[in-house]
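Q: would you be able to build a 3D model of this:
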Amino acid sequence: MNTTSRGARRSISIAMAGSGGSGVMTAGTLLLDAAAKAGLYGLMVRTSGPQIRGGEAAALIRLASEPTQSLDDGFDLLLAIDWQNIHRFADEIPMRADAMVVGDADEGEAPEVFLRNGARAEAVPLKKMSKAIAGSWTNMVALGVAGAIASIPLEALEAALSGTWKRGPAALDANLQALRAGFEKGAQIGALPALETPPANGRRWMLSGNEAAGFGALRGGVRFVAFFNDTATTEMLEWMSPALTKIGGTLVQAEDELASINMIIGSSYGGVPSLTATSGPGLALMTEAIGLAITAEVPVVVVDVMRGGPSTGIPAKSEQSDLSYAVNGLHGDAPRVVVAPTSIADCLATTQWAVHLAEKLQTAAIVLSDQFMGQSRAIIDEPANIGMVAERLVVEADAPDFKRYRNTESGISAMSIPGTPGVVYTADGLEHTEAGIPSSQSADHKLQLDKRERKLLKHDYGSAWADIEGDGDAAIITFGSVTGVVREALARAAERGVRARLIALRLLAPALPERLERALDGVKRVLVVEQNHSAQLLRYLRSVYDLPGRPSSFHRPGPLPLRPGELADAIVEWRNQ
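A: Reported below is the predicted structural model:
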C-alpha cells in the first residue's frame with residue numbers, strides 16, 4: 001500500500017489520545033466502526049502506559065481503501081482530549097510534515113515533540129463544547145472532529161454511535177448533538193482527502209485478533225475453556241464467555257495459570273475439546289502440565305498472546321519473544337505443535353486449525369499470537385470457514401485387546417472416554433507401556449518417545465504450514481503479526497525495482513525441512529524478519545533447517561511496532577549489498 005504522497009495516498013492515519021477515563025478508546029472504536037459503515041477497511045491499535053488502570057492512552061488508527069495489517073510510517077492527525085503525559089507516545093505517534101495536531105487549548109499547548117516535523121497545531125474547545133450540551137461527553141465531540149477531518153460521512157458516525165449505545169434515549173440524543181457539533185468544528189478546520197471507497201464484495205467484520213481466535217476455537221469444536229485473566233488475553237475471555245454458553249459450552253475463570261491448564265487437561269481427558277489462553281509468564285507456569293498433556297497424549301490448546309518480557313515486562317505492548325520458549329521450552333523430549341497466525345483475520349483460521357491438530361494428533365498445540373494482533377481491531381472481509389473440526393480417534397466399548405498407547409504406524413492410538421466399559425486405562429505423567437502401565441524400562445521409553453514424535457512428523461499439514469508469495473532468488477522469512485509489515489514493505493520495495501519472495505511460517509513446530517527446502521528452491525539469499533531482541537526465529541531456523549547462503553537478520557524488540565517504510569529501506573539496502 002503506497003502512501004508516499006498525499007494525492008496518491010490510499011490510507012490515512014489518525015491518533016486519538018487522552019488520559020485514563022477520557023474515552024479515547026471508545027472514540028477510536030466508534031471511528032473505526034463508522035469507517036466500516038462507510039465502506040472502508042481499517043486497523044486500530046491500542047496503546048497505553050505501564051499502569052494497570054488509568055494513565056495515558058491512545059488509539060492508533062489507519063483507514064484504507066484496501067485491507068491493511070500494519071500501521072503506516074507517520075500520522076496525518078493527532079487529536080488529544082487532554083495532554084496529560086501524551087508526550088510519552090512521541091515514538092509511537094510520529095507526525096508527518098503536513099499533519100495536523102488538534103487539542104483543547106484549555107488543557108495546555110501541544111507538546112513540541114509532535115510539532116517539530118512541521119505539523120500545524122489547531123485548537124478546539126472540546127470540553128467547553130461538551131459542557132454546552134447537557135449530558136454529553138467530551139470524547140463524542142472529539143469523535144465528530146476526527147470524523148470530519150478524516151472525511152467520514154456524518155451519517156456513518158451517527159450510525160456507529162446509535163448502534164452501540166446502551167444508555168437511555170435522552171443521553172443518546174445529547175451525545176449525537178455533541179458528535180454533530182464536533183463534526184461541524186472539524187469541517188471548519190479542513191478535511192484530509194477522502195479515501196476511495198472500495199467496491200462492496202461481501203460482508204465485512206470488525207473484530208480483534210483475540211475475538212477472532214475465540215471464534216476459531218469454537219468453530220474448531222472447543223467446548224470448555226479455563227482462563228486466568230491476563231492483560232493481553234482479556235478480549236478473548238470477554239467474547240468467549242457468552243458465546244460458549246449459547247452453544248452449550250463452559251468457561252471457568254481459574255484462580256491461576258496452573259489451575260487453568262490442569263482444568264483443560266481434565267476436561268479433555270473426559271472427551272471435551274478444551275482451551276486456555278495466557279501470555280509469556282503464564283506459559284512458563286504451565287510448562288510441566290503441558291508436558292503431562294503430551295506424555296498422556298491428551299489434546300489441549302494453549303493460546304499465548306505474546307507481550308514484552310521477560311517477567312511482567314511490558315504487559316500492554318507487543319513483542320515476539322516467546323518463540324524460543326514455545327518451540328524448545330518444555331522439559332524432556334516433548335514434541336508439540338506450535339502455530340502462529342499471520343494476521344488478525346488469520347487468528348480465526350489458525351486457532352481453528354490448532355484445535356483440529358491437537359485433537360487429531362492427541363497432543364498439545366500452542367498458538368503464538370501477540371498483543372498487536374490480539375488487542376488490535378480490524379475491518380476485514382468475512383473469513384471463510386476452513387472446515388477443520390475436532391476429530392479424535394475414540395475406541396468403542398469393550399474393544400478387544402485395547403491398548404491406549406499402542407505403537408501404531410501413524411503414531412496415533414485410540415483414546416477411551418472415562419466410564420466407557422471395558423476400555424479403562426491409566427493416564428498420568430509417568431512413562432508407560434502400550435497398555436498405560438507405568439514403566440521405567442528403556443525399551444518402553446524409547447517406544448513411546450518414537451510414537452509421540454512420529455505422529456507429528458507423519459501428519460500431512462497441507463499448504464497451511466506457510467504463506468508463500470512472490471518469486472526471485474531472494475526470500476524473506478517471517479512469522480506472526482510482522483507478516484503484514486513485511487508484505488507491505490515488499491510491495492514498496494518492488495516499486496523501487498527490488499523483489500523478493502515472502503515465506504510467512506504458520507507452522508513453527510514440528511519443523512518441515514523438505515517443505516521449506518522446496519519453498520526456497522532457487523533462492524540464494526535469505527532475510528529473517530522478527531520483533532525480538534535476540535533473533536529467535538533466525539536461531540531456530542538455523543537449528544532445524546539448512547538455509548541457503550549466509551542468512552541476514554532484521555530484528556528489534558518491542559514495544560514500538562515495525563513500520564513498512566523502515567523495513568522497505570532495509571530490504572532495498574540488503575538486496576543491493
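
Q: which stretches of the stretch 301-450 of the chain form helices?
A: Taking DSSP state H, counting those that start in this stretch as the criterion, the stretch 301-450 of the chain contains helices spanning 323-328, 346-361, 371-375, 442-457.

Q: identify whichever of those helices lies nearest to residue 210.
A: Each of these was scored for nearness to residue 210 using C-beta to C-beta, and the closest is helix 371-375 (4.4 Å). (C-beta placed from N, C-alpha, C; glycine too.)

Q: output the below-cut-off pLDDT ranges for the protein.
A: For the chain, the stretches flagged by pLDDT under 70 are 1-8, 52-53.

Q: got the domain ranges for it?
A: The record's domain split for the chain, according to automatic domain parsing, is 11-189, 206-381, 393-459, 462-575.

Q: what's the most buried one of those?
A: domain 206-381 (a mean of 23; mean count of other C-beta atoms under 10 Å).

Q: first-to-last residue distance for that domain?
A: 9 Å (C-alpha to C-alpha, to the nearest Å).

Q: find the residue closest to the residue nearest in space to the middle of the chain in space, skipping its chain neighbours.
A: In the chain, the residue lying closest to the centroid (C-alpha atoms, centre = their mean) is residue 373, at 2.3 Å. Once flanking residues are discounted, residue 373 sits nearest to residue 209: 3.6 Å by C-beta to C-beta, 6 or more residues apart in numbering.

Q: secondary structure element for residue 259?
A: Using DSSP states H and E, residue 259 maps to helix 257-269.

Q: including distance to residue 200, could the domains of the chain go into a markdown table?
A: Below are those laid out as a markdown table (distance: least, C-beta to C-beta, whole Å):
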| stretch | distance to residue 200 |
| --- | --- |
| domain 11-189 | 6 |
| domain 206-381 | 10 |
| domain 393-459 | 39 |
| domain 462-575 | 23 |
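
Q: which helix is the longest one in this structure?
A: Counting by DSSP state H, the longest helix found in the chain is helix 169-189.

Q: export only the CA atoms of it, formatted as CSV.
A: Taking C-alpha atoms only, helix 169-189 is exported to CSV below (Å, rounded to 0.1, in the frame of the first residue of the first chain):
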residue,chain,number,x,y,z
PRO,A,169,-32.5,7.9,24.6
ALA,A,170,-32.0,11.3,26.2
ALA,A,171,-28.3,10.6,26.7
LEU,A,172,-28.0,9.3,23.2
ASP,A,173,-29.6,12.5,21.8
ALA,A,174,-27.2,14.6,23.8
ASN,A,175,-24.2,12.8,22.5
LEU,A,176,-25.5,12.8,19.0
GLN,A,177,-25.7,16.6,19.4
ALA,A,178,-22.1,16.6,20.7
LEU,A,179,-21.0,14.5,17.7
ARG,A,180,-22.6,16.9,15.2
ALA,A,181,-21.1,19.9,16.9
GLY,A,182,-17.6,18.3,16.8
PHE,A,183,-18.2,17.3,13.1
GLU,A,184,-19.1,20.9,12.2
LYS,A,185,-15.9,22.2,14.0
GLY,A,186,-13.8,19.6,12.3
ALA,A,187,-15.1,20.6,8.9
GLN,A,188,-14.1,24.2,9.6
ILE,A,189,-10.5,23.1,10.3
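
Q: residues in contact with that helix?
A: 100, 102, 122, 124, 126, 129-130, 132-138, 140-149, 154, 157-158, 161-162, 165 (C-beta atoms under 8 Å, 6 or more residues apart in numbering).

Q: just checking, what packs against the helix or strand harbouring residue 29?
A: Here residue 29 is covered by helix 24-37, with elements defined by DSSP H and E. The contact analysis (3 or more C-beta pairs under 8 Å, 6 or more residues apart in numbering; DSSP states H and E) places helix 24-37 against strand 11-19, strand 41-48, strand 56-64, helix 138-149, helix 154-164, strand 204-208, strand 377-381.

Q: picking that back up, could you dump the helices of the stretch 301-450 of the chain to TSV with distance to residue 50?
A: Shown next, in TSV, are the helices of the stretch 301-450 of the chain (distance: least, C-beta to C-beta, whole Å):
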stretch	distance to residue 50
helix 323-328	23
helix 346-361	25
helix 371-375	13
helix 442-457	39
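
Q: for residue 297, which non-adjacent residue is closest in space?
A: residue 362 (4.3 Å).

Q: nope, residue 127 is what I was after
A: Closest residue in space to residue 127, ignoring its immediate chain neighbours: residue 138 at 5.3 Å, by C-beta to C-beta, 6+ apart.

Q: which one of the helices of the stretch 301-450 of the chain lies nearest to residue 496?
A: Across the helices of the stretch 301-450 of the chain, the minimum distance to residue 496, taken as C-beta to C-beta, is reached by helix 371-375, at 26.3 Å.

Q: send me that closest one as CSV with only the CA atoms.
A: These are the backbone C-alpha positions of helix 371-375, laid out as CSV (Å, rounded to 0.1, in the frame of the first residue of the first chain):
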residue,chain,number,x,y,z
GLN,A,371,-0.5,-8.3,21.7
PHE,A,372,-0.5,-6.4,18.4
MET,A,373,-2.8,-8.9,16.8
GLY,A,374,-4.7,-9.9,19.9
GLN,A,375,-5.8,-6.5,21.1
